[in-house]
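A.B. asks: the following comprises the amino acid sequence and a computationally predicted model.
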Amino acid sequence: MFGIGTKDLGIDLGTANTLVYVKGKGIVVREPSVVALQTDTKAIVAVGNDAKNMIGRTPGNIVALRPMKDGVIADYETTAVMMKYYIKQANKNKGLFSGKPYVMVCVPSGITAVEERAVVDATRQAGARDAYTIEEPFAAAIGANLPVWEPTGSMVVDIGGGTTEVAIISLGGIVTSQSIRIAGDEMDDAIINYIRKTYNLMIGDRTAEMIKVEIGSASDPEGVDNIDIRGRDLLTGLPKTIEITAEEISKALNDTVAAIVDAVKVTLEKTPPELAADIMDRGIVLTGGGALLRNLDKVISEETKMPVLIAENPLDCVAIGTGKALDHIDLFKTKAKDSR
Ligand SMILES: Nc1ncnc2c1ncn2[C@@H]1O[C@H](COP(=O)(O)OP(=O)(O)OP(=O)(O)O)[C@@H](O)[C@H]1O
């Protein structure tokens with residue numbers, strides 16, 4: 001069935017980052033989900049890190065774009081091109097696979113059938129022998145080493161760039177879940193809006209993300225330093241530097257954090273009591289880049305009265321889980337056949 005040397009791939013096709021996991025090797029590609037194209041010919045100028053560095057800095061004939069939005073494909077052709085590039089990259093100089101690989105791709109749990117179809121088709125177009133999908137929070141739970149196949153409740157909150165996925169898992173399936181299109185990108189937008197309104201200063205997406213990572217906090221950022229940021233003064237049109245405090249940024253992030261906490265609470269309210277008791281024992285596990293926001297674990301714990309843990313390597317959990325799910329590919333093949 002498999003070509004000699006063919007290796008299967010797990011791809012975490014994220015709004016912010018794309019990771020490729022090769023069975024038996026681990027994560028071999030980890031790059032931003034960004035592509036830079038010539039505006040007229042659509043020829044690719046750069047993909048990944050090189051393209052991300054161009055965001056907000058391109059001349060008129062080049063555009064740097066993120067083909068994924070809110071966890072789903074916003075630009076089909078560019079997504080396929082990006083995936084093709086990363087599948088090739090996964091094999092670069094390593095000779096990991098010779099034939100076309102089977103590819104497992106993660107998708108948000110709130111995805112529509114049409115959106116899921118687009119992911120499968122784009123993956124095939126990118127060179128997969130066949131493509132299967134796994135729901136992101138399920139992959140995150142596998143990647144965080146939660147006992148997903150056992151008759152016990154596990155709860156995972158995966159906070160990515162475009163979506164926050166909350167799920168209760170038991171016996172190899174999602175019992176109840178909640179997917180909201182509010183996550184890291186929304187935090188960046190909240191910072192941009194706050195700085196524009198308060199200081200009449202326009203900053204770019206990359207600066208906003210840097211501020212969030214450097215001094216962002218879900219609550220009480222005691223001991224976090226102020227930083228200087230640069231942007232364009234909306235009154236004079238000239239570049240300007242201002243100093244902002246961690247308290248201000250924490251306040252700017254209030255609504256986004258509240259929306260994430262709310263999604264966790266709503267999911268808990270829908271959890272059957274036996275599983276809720278299991279989760280009380282083992283705790284809620286946070287994955288995804290958003291899990292690294294200072295004090296987010298504390299705030300969720302205070303609001304839910306549950307223990308909260310951050311997974312080891314939260315940015316890698318979905319990719320690891322997507323890759324590990326390849327060991328159970330037959331389960332996913334059956335599911336794919338059922339829905340086709
Ligand atoms: N230290 C940090 N503090 C806060 N946020 C962070 C930190 N590090 C990364 N992030 C944020 O995590 C997000 C990316 O996380 P991740 O790679 O898990 O998302 P993704 O899988 O690409 O997105 P999605 O799951 O929505 O498709 C970005 O918004 C990034 O800014």
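C.D. replies: Arrived safely. Numbering: from 1, shown residues only.

A.B. asks: who touches the helix or strand harbouring Ser250?
C.D. replies: Taking DSSP states H and E as the criterion, the element that holds Ser250 is helix 246-252. Here helix 246-252 makes contact (Cβ atoms under 8 Å, 6 or more residues apart in numbering) with 190-191, 193-195, 198, 211-212, 215-221, 224-226. In short, each C-beta sits where N, CA and C put it, glycine included.

A.B. asks: restricted to buried residues, select the residues you listed in PyMOL.
C.D. replies: Selecting only the buried entries of those in PyMOL, with 16 or more other Cβ atoms under 10 Å as the criterion:
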select buried, resi 190+191+194+195+211+212+215+216+217+218+219+221+224
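
A.B. asks: restrict the contacts of helix 246-252 to contacts with the ligand.
C.D. replies: Among the contacts of helix 246-252, the ones lying near the ligand by Cβ under 6 Å from any ligand atom are 212, 216.

A.B. asks: among the contacts of helix 246-252, which lie within strands?
C.D. replies: Using DSSP state E, no member of these sits in strands.

A.B. asks: so of the contacts of helix 246-252, which ones are in helices?
C.D. replies: The helices, defined by DSSP state H, take in 190-191, 193-195, 198, 211-212, 215 from those.

A.B. asks: for the closest residue to Glu186 other than its chain neighbours, what are its contacts?
C.D. replies: Excluding its sequence neighbours, the residue lying closest to Glu186 (Cβ to Cβ, 6 or more residues apart in numbering) is Thr256, at 5.0 Å. Contacts for Thr256 (Cβ under 8 Å, 6+ apart) come out as 182, 186-187, 190.

A.B. asks: tell me the contacts of Glu116?
C.D. replies: Taking Cβ under 8 Å, 6+ apart, one finds 107, 133 in contact with Glu116.

A.B. asks: circling back: would you turn the ones in helices among the contacts of helix 246-252 into TSV with distance to Ala126 and pLDDT?
C.D. replies: Shown next, in TSV, are the ones in helices among the contacts of helix 246-252 (distance: Cβ to Cβ, whole Å; pLDDT from 0 to 100):
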residue	distance to Ala126	pLDDT
Ala190	34	98
Ile191	34	98
Asn193	36	98
Tyr194	38	98
Ile195	38	98
Thr198	43	97
Ile211	34	97
Lys212	31	98
Ile215	38	97
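
A.B. asks: re earlier: so after the helix or strand encompassing the residue nearest to Glu186, what's the next helix or strand?
C.D. replies: Following DSSP H and E, one finds Thr256 within helix 254-269. Per DSSP H and E, helix 254-269 leads on to helix 273-282 as the next helix or strand towards the C-terminus.

A.B. asks: and the next helix or strand past that next one?
C.D. replies: Assignment by DSSP H and E places the next element after helix 273-282 at strand 284-287.

A.B. asks: parallel or antiparallel, list what pairs with that following strand.
C.D. replies: Here strand 284-287 has these sheet partners by DSSP bridges: strand 154-159 (parallel), strand 308-310 (parallel).

A.B. asks: got the contact list for the residue lying closest to Arg196 once chain neighbours are set aside?
C.D. replies: Counting by Cβ to Cβ, 6+ apart, Arg196 lies nearest to Met202, which is 5.9 Å off, once chain neighbours are set aside. Going by Cβ under 8 Å, 6+ apart, Met202 touches 192, 195-196, 231-232, 234.

A.B. asks: pLDDT score for Met202?
C.D. replies: Looking at Met202, its pLDDT stands at 97.

A.B. asks: quick one: it from the ligand, how far?
C.D. replies: 19 Å (Cβ to the nearest ligand atom, to the nearest Å).

A.B. asks: Asp12 sits in which helix or strand?
C.D. replies: strand 9-13.

A.B. asks: and that strand, how far out from the chain's middle?
C.D. replies: 12 Å (Cα atoms, centre = their mean, to the nearest Å).

A.B. asks: swap in stretch 233-240?
C.D. replies: Using Cα atoms, centre = their mean, the distance from the centre of stretch 233-240 to the centre of the chain it belongs to is 34 Å.

A.B. asks: picking that back up, out of the contacts of Met202, which end up buried?
C.D. replies: 192, 195, 231.
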